[in-house]
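> A predicted structure for the sequence below; I have some questions about it.
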Amino acid sequence: MEIANPAFRPDPALSRDEMEALQREIAATATFADDHDLAVEAVTIDDPADLTEGLPPADPTAGAPEDSHAPVSDAPPVGGPAVDAPVVVGVDQAFLTEEDPTRAVSAAVAIRAGTVIEYATATTTPSIPYVPGLLAFREGKPICAALDALDADPDLLVCDGSGRVHYREAGLATHVGVCFDVPSVGVAKRLLCGEPDEPVDGRPAGWRTPIRADDAVETAAGDDDAGDTGADDTGGGGFAPVIGHAVQSRQYPESRRINPLYVSPGHRVSAETTVDLVEALCAGYKLPEPTRLADAAADAAKRDDGKAEDA
DNA sequence: GCGACAG
DNA sequence: ATCTTGTCGC
């Protein structure tokens, strides 16, 4: 796929102030409201992928209306949409530490109708360390490289990390979503900032609660949210804006407890729709399928071509 | 100074 | 993110 806003590409060479300035620009450009054609039912994945025997094979024709009849070859439909099911792309990274230079492997996995249709990976050498709030500048470049190598063009990106739940409302998912101008959501295993409406411990599967901006979050002035009730900036009795949700995607009946997922809008998706989409993409595991597959793909690539080329 | 901090 | 064995429980 091709990048839409090259100027927003996360450049690790920028100074910290420049990085933060770019993030404010990203946040101002981002849309935290629904601007897509995604139907929750259309992206729902019922059966989890079996990762015990390696990565599921990619089937480029999966999901195409004619894939149950036509051979794998020529005659791509002319003039009309080749497929109808939306393409969801999961992105994740794995690192090879203890190597001369630490290497990072980024993987992008495209899924359509619950089946993997394409894998793309990129191996790079991180130039800056991880800094809370600046993750996109460490991982964004490799992720963009993997997405550049992807033939399919996504209807939705699922990133590992936050989106709007970020100090400047410009987390990794938002940054990547704006760069490619593709609807995106962020799925994090831990909360960076913001405050849950209710305590999150020991909740049953299906439970969710809003995450609202707190003192650590610079709320954008021009808030384009559609679902906000009342004022949130005029020092008054308004509620802080909802920037994401904590959602219990999986839980054990008893014994040990699983922590919730922290999901937030990346770009062109509302906070409410983000939770619905992520829940629909979960098929029994804590993490959504696109993320599980991207994680497995990155690990596989780390073992194989991890020692090979650089991008 | 203290606490908090995606991957 | 990564380094790692066993272990508790359905």
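Structure's in. What do you need? These figures come from a predicted structure and were not determined experimentally. Residues are numbered from 1 along each chain as shown, chains lettered A, B, ... in the order given.

> what about A:Arg16, how many residues nearby?
Residues contacting A:Arg16 under the criterion other C-beta atoms under 10 Å number 12. For glycine as for every other residue, the C-beta is placed from the backbone atoms N, C-alpha and C.

> which non-adjacent residue is nearest it?
Distance criterion C-beta to C-beta, 6 or more residues apart in numbering; nearest residue to A:Arg16, sequence neighbours excluded, is A:Leu134 at 7.3 Å.

> what's the burial count for that neighbour?
With other C-beta under 10 Å as criterion, A:Leu134 counts 21.

> next, the closest residue to A:Ala188 other than its chain neighbours: secondary structure please.
Ranked by C-beta to C-beta, 6+ apart and with sequence neighbours excluded, the top spatial neighbour of A:Ala188 is A:Tyr262, at 4.4 Å. Under the three-state scheme (DSSP: H, G, I helix; E, B strand; the rest coil), A:Tyr262 adopts strand.

> beta partners for A:Tyr262?
Beta bridges link A:Tyr262 to A:Ala188, A:Ala246, judged by DSSP bridges.

> and the pLDDT for it?
pLDDT for A:Tyr262: 97.

> any idea how many residues pack against it?
Residues within reach of A:Tyr262, counting by other C-beta under 10 Å, total 24.

> coming back round to it: I'd say the residue nearest to A:Arg16 and A:Asp17 touch.
No: look at A:Leu134 against A:Asp17 with C-beta atoms under 8 Å: they stay out of range, at 11.3 Å.

> give the contact list for the residue nearest to A:Ala188.
For A:Tyr262, the contact set (C-beta atoms under 8 Å, 6 or more residues apart in numbering) comprises A:162, A:165, A:187-192, A:211, A:244-247.

> again, 6 Å this time
By C-beta atoms under 6 Å, 6 or more residues apart in numbering, the contact list for A:Tyr262 reads A:Ala188, A:Leu191, A:Ala246.

> mind putting these into TSV with distance to DNA strand C?
Conversion of the contacts of A:Tyr262 to TSV gives the following (distance: C-beta to the nearest atom of the strand, whole Å):
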residue	distance to DNA strand C
A:Ala188	9
A:Leu191	14
A:Ala246	17
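
> can I get those in CSV with neighbour count, distance to DNA strand B and pLDDT?
Below are these laid out as CSV (neighbours: other C-beta atoms under 10 Å; distance: C-beta to the nearest atom of the strand, whole Å; pLDDT from 0 to 100):
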residue, neighbour count, distance to DNA strand B, pLDDT
A:Ala188, 23, 4, 98
A:Leu191, 18, 6, 97
A:Ala246, 25, 12, 97
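
> can you put those residues in a markdown table and add distance to A:Arg256?
Formatted as a markdown table, those follow (distance: C-beta to C-beta, whole Å):
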| residue | distance to A:Arg256 |
| --- | --- |
| A:Ala188 | 21 |
| A:Leu191 | 20 |
| A:Ala246 | 19 |
